[in-house]
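Enquirer: Fold the following, please.
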Amino acid sequence: MNIGFLGLGNMGGPMAQNLLKAGRSVLAFDLSAEAMATIEKAGGELASDPTELAKRELDIVFTMLPAAQHVRSVYLGENGLLAHGSPNTLFVDCSTIDPHTARDVAAQAQDKGITLIDAPVSGGTKGATEGTLTFMVGGPEEGFNKAKQALADMGKNIVHCGDTGNGQVAKVANNMLLAISMIGVAEAMNLGVALGMDAKTLAGIINTSSGRCWSSDTNNPYPGALEGVPASRGYTGGFGSALMLKDMGLAMEAAHQVEQPVILGAIAKQMYQQLCNLGHDKLDFSAIMKLYQQD
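Expert: Numbers count the residues shown, from 1 in each chain. As a prediction, this is how the structure comes out:
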């Protein structure tokens with residue numbers, strides 16, 4: 001299977017390397033020379049520009065891009081992937097964007113006889129490196145089946161969510177809940193410690209009781225409550241607060257489009273906006289604890 005990969009950042013780079021480890025032939029491109037050098041060292045071939053990924057008529061081309069405007073530019077521009085793409089190539093966008101954009105770009109691909117499916121991921125940089133990501137895939141069944149084997153080289157949970165854009169729907173809903181739950185755990189942990197509890201003891205109780213969730217047992221936001229998590233190393237090396245704020249913005253936009261109330265989601269977005277405004281945008285999103293522990 002010959003694969004193209006566009007976007008070799010903190011997520012895309014390790015994902016492309018896992019494809020190489022699985023024995024895939026990978027033609028890659030990124031604007032970063034350092035990222036390109038890393039993938040070449042791992043055994044990948046380098047493309048001279050993004051359009052080469054389309055012109056080669058590869059089996060699958062994956063894209064992992066920062067935001068919706070980048071997805072539109074890469075796919076729909078005059079020299080975009082769709083302008084040079086072939087119906088024989090399956091395009092898989094793993095970016096996290098709003099469902100409307102995913103559906104619009106996929107529809108324009110379909111007009112050209114090209115299949116584009118959305119496959120955003122969950123699992124963070126750790127999951128990308130270890131090949132344990134969850135892929136939430138939206139699009140036609142035949143596209144999902146063609147991509148599934150390559151997706152399995154990069155993740156352990158490959159879920160077909162239904163029609164085009166539904167992968168983004170699943171990602172938006174999940175990350176909105178994640179932000180809300182992280183704030184809840186931070187608030188509860190801070191209260192418990194302020195009332196005299198030891199942080200590790202309290203975390204242990206929560207994690208064997210009804211308050212247990214991923215934000216408490218896997219990425220607890222209270223420093224020292226868990227070993228090896230961002231909170232225990234100055235909130236470094238995790239999912240950035242700026243990225244969570246971006247995802248909350250996507251959730252609010254999607255909710256507005258279908259006129260659905262997202263009361264806690266809106267509050268969570270405001271809190272992450274405040275965290276980023278305080279200069280903590282590059283820290284792991286569990287740093288929301290800082291709003292409860294300001295000097």
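
Enquirer: and the top strand by length along the chain, how far out from the chain's middle?
Expert: The longest strand of the chain (DSSP state E) is strand 155-162. Mean C-alpha position of strand 155-162 versus that of the full chain (CA atoms, centre = their mean, to the nearest Å) differs by 14 Å.

Enquirer: Summarise which helices and strands it is packed against.
Expert: When contacts are defined as 3 or more CB pairs under 8 Å, 6 or more residues apart in numbering; DSSP states H and E, strand 155-162 packs onto strand 133-138, helix 141-152, helix 166-194. Backbone N, C-alpha and C define where each C-beta goes, glycine included.

Enquirer: For these, give me TSV that also has mean pLDDT, distance to Val71 and mean neighbour count.
Expert: Compiled in TSV, the helices and strands packed on strand 155-162 are given as follows (pLDDT from 0 to 100; distance: least, CB to CB, whole Å; neighbours: other CB atoms under 10 Å):
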stretch	mean pLDDT	distance to Val71	mean neighbour count
strand 133-138	97	14	25
helix 141-152	97	17	17
helix 166-194	97	11	21
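
Enquirer: Tell me who's in contact with Tyr272.
Expert: Contacts for Tyr272 (CB atoms under 8 Å, 6 or more residues apart in numbering) come out as 179, 241, 244-245, 248, 285, 288.

Enquirer: Tell me how the chain divides into domains.
Expert: 2-163, 169-291 (automatic domain parsing).

Enquirer: Next, the distance between the ends of the first one.
Expert: End-to-end distance for domain 2-163: 26 Å, by CA to CA, to the nearest Å.

Enquirer: Thr164 in helix, strand or coil?
Expert: coil (DSSP: H, G, I helix; E, B strand; the rest coil).

Enquirer: Once you drop chain neighbours, what's closest to it?
Expert: Ala106 (4.5 Å; CB to CB, 6 or more residues apart in numbering).

Enquirer: quick one: the one you found and Ala119 touch, right?
Expert: No: assessed by CB atoms under 8 Å, Ala106 is found out of contact with Ala119, at 11.6 Å.

Enquirer: List the buried residues of the helix or strand of the chain with the lowest mean pLDDT.
Expert: Here the helix or strand of the chain ranked lowest by mean pLDDT, DSSP states H and E is helix 124-130, holding a mean of 88. Residues of helix 124-130 classed as buried by neighbour count (16 or more other CB atoms under 10 Å): 124-125, 127-129.
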